[in-house]
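Trainee: need a structure here:
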Amino acid sequence: MPKLLLAILLTPTAILQQVGPWLASDLDHIDLAKSQRSPSGCTGGMSSPYVSQAPPSPPESPSEATVEVYALSAGHFSLPERFFVHPASQTARRTVPSLSFLIVHQDQETGQTTRIVFDLGLRRDLNRYAPPIQKHVETRQPMTTLPDVTASLAAGGLTPDDIHYVIYSHVHWDHVGEPRDFPKSTFVVGSGANALLQGHGSLRGSHSFFESDLIPAERTIELSNPYEDIEEEAKKPSLDSHGPDFVQEWKAHGNLPRVLDIFHDGSLLIVDAPGHLPGHINLLARTSPTSSVYLAGDACHDRRIMRKERKIGEWLDEHGHICCIHADKKLAEQTIERIQHLESTGVEVIFAHDFEWEEDPANRSRFFGSS
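Mentor: Purely as a prediction, here's the structure:
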């Protein structure tokens with residue numbers, strides 16, 4: 001008998017008998033998926049996991065592994081607009097946040113939880129900066145350094161000892177915070193960051209002073225150069241297949257030419273984001289099967305640039321040299337173009353000094369420990 005005629009002749013009871021086992025199996029699958037989604041293992045107050053409210057973009061990986069992303073307040077300071085956008089008033093200033101982020105990954109097979117903090121923001125005790133940075137800080141007033149990252153973590157029930165990795169977008173003073181607060185964490189920096197810390201490089205600007213003893217060498221991983229081949233052995237996944245793998249080959253992902261899939265499940269990608277400073281990296285985090293958030297560090301400092309209402313600012317120093325907040329303006333523009341494309345596909349983008357994002361009341365609940 002033809003299948004269509006059979007379907008027409010079936011009574012409702014018969015139809016249920018035909019599809020019932022399939023429905024039961026499907027529901028069991030859904031319940032199992034829900035049961036495997038576990039919290040980050042934190043104690044104390046907990047805000048809802050950060051999930052992009054922008055239109056969803058389809059994941060490129062078949063895996064449904066995700067991470068939780070929470071914003072961390074890490075101080076505020078004042079920026080002269082003319083150093084960052086053009087055109088701008090010579091006197092206009094803007095108070096901006098120095099945002100950090102907590103990322104929580106849970107392995108789907110083992111349940112192992114990995115907690116990462118992306119950037120540490122401002123140092124709560126300004127006197128602990130090196131003298132050249134203390135002098136620079138005078139030009140960034142008014143400034144507040146509390147709550148810092150440790151206080152923001154405490155608001156959600158965590159201490160620095162609970163953080164497995166600190167990933168720096170780059171090593172400028174307003175992102176490095178107080179590394180000694182994290183005595184058990186491993187620090188991860190982009191390729192070229194260690195050379196900057198050791199005084200190699202000729203960057204203009206009073207903000208470009210780096211501390212040689214910033215992070216402990218024995219607990220620091222410097223990522224491989226994204227533009228060079230790595231040893232064949234390093235291309236193999238880490239022996240700790242359930243933890244992050246920072247030593248691997250950079251690969252393309254969509255419109256991003258160089259990324260590292262550190263958990264090998266598509267949930268968290270380190271993105272090469274050149275232009276601002278050697279070793280500048282971003283993160284692309286999948287927060288649900290259909291939503292992602294891009295943590296852009298200092299790839300851009302003002303959303304008006306993203307909206308093409310302004311251009312990157314330049315100025316003349318006392319010697320008549322053309323200066324820019326980005327070490328390589330052309331590379332920075334290319335990085336911004338890639339981020340603009342991501343945003344156009346529904347990926348939510350947040351910059352380290354994103355005052356528009358922070359001032360949006362809808363984002364208050366996205367800070368760790370806010371509820």
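Trainee: Gly346: neighbour count?
Mentor: 15 (other Cβ atoms under 10 Å). C-beta here means a position set from N, CA and C on the backbone, and glycine is covered the same way.
Trainee: What separation do you get for it and Val149?
Mentor: 29 Å (Cβ to Cβ, to the nearest Å).
Trainee: Repeat that for Val166.
Mentor: Taking Cβ to Cβ, one finds Val166 at 9 Å from Val149.
Trainee: what about the strands in the stretch 1-150 of the chain?
Mentor: With DSSP state E, counting those that start in this stretch, the ranges of strands along the stretch 1-150 of the chain come out as 67-72, 76-80, 85-86, 93-97, 100-106, 113-118.
Trainee: Of all those strands, which one is nearest Ser224?
Mentor: strand 113-118 (18.7 Å; Cβ to Cβ).
Trainee: tell me how far the closest one is from the chain's mean position?
Mentor: In this view, strand 113-118 has its centroid 11 Å away from the chain centroid, taken as Cα atoms, centre = their mean, to the nearest Å.
Trainee: now do stretch 282-299
Mentor: Worked out by Cα atoms, centre = their mean, stretch 282-299 lies 6 Å from the chain centre.
Trainee: tell me how far the ends of that stretch are from each other?
Mentor: Length of stretch 282-299, first residue to last, Cα to Cα, to the nearest Å: 8 Å.
Trainee: can you pull the buried residues of it?
Mentor: 282-287, 291-299 (16 or more other Cβ atoms under 10 Å).
Trainee: Among the residues you listed, name the ones in strands.
Mentor: 282-287, 291-295 (DSSP state E).
Trainee: show me where this structure has helices.
Mentor: For the chain, applying DSSP state H gives helices covering 3-9, 12-36, 131-137, 149-155, 173-176, 193-197, 303-306, 329-344, 355-359.
Trainee: hey, C-alpha coordinates of the last one in CSV?
Mentor: Output of helix 355-359 as CSV, limited to C-alpha atoms (Å, rounded to 0.1, in the frame of the first residue of the first chain):
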residue,chain,number,x,y,z
PHE,A,355,31.7,52.8,27.6
GLU,A,356,28.6,52.4,25.4
TRP,A,357,28.3,48.7,26.3
GLU,A,358,28.9,49.4,30.0
GLU,A,359,26.4,52.3,30.1
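Trainee: List the buried residues for that helix?
Mentor: Those would be 355, 357-358, for helix 355-359 by 16+ other Cβ under 10 Å.
Trainee: What is that helix packed up against?
Mentor: Secondary-structure packing of helix 355-359 (3 or more Cβ pairs under 8 Å, 6 or more residues apart in numbering; DSSP states H and E): strand 93-97.
Trainee: Quick check: bridge partners of the residue nearest to Glu333 when sequence neighbours are not counted?
Mentor: Distances taken as Cβ to Cβ, 6 or more residues apart in numbering place Ile312 nearest to Glu333, at 6.8 Å, with adjacent residues excluded. Per DSSP bridges, the residues bridged to Ile312 are Val85.
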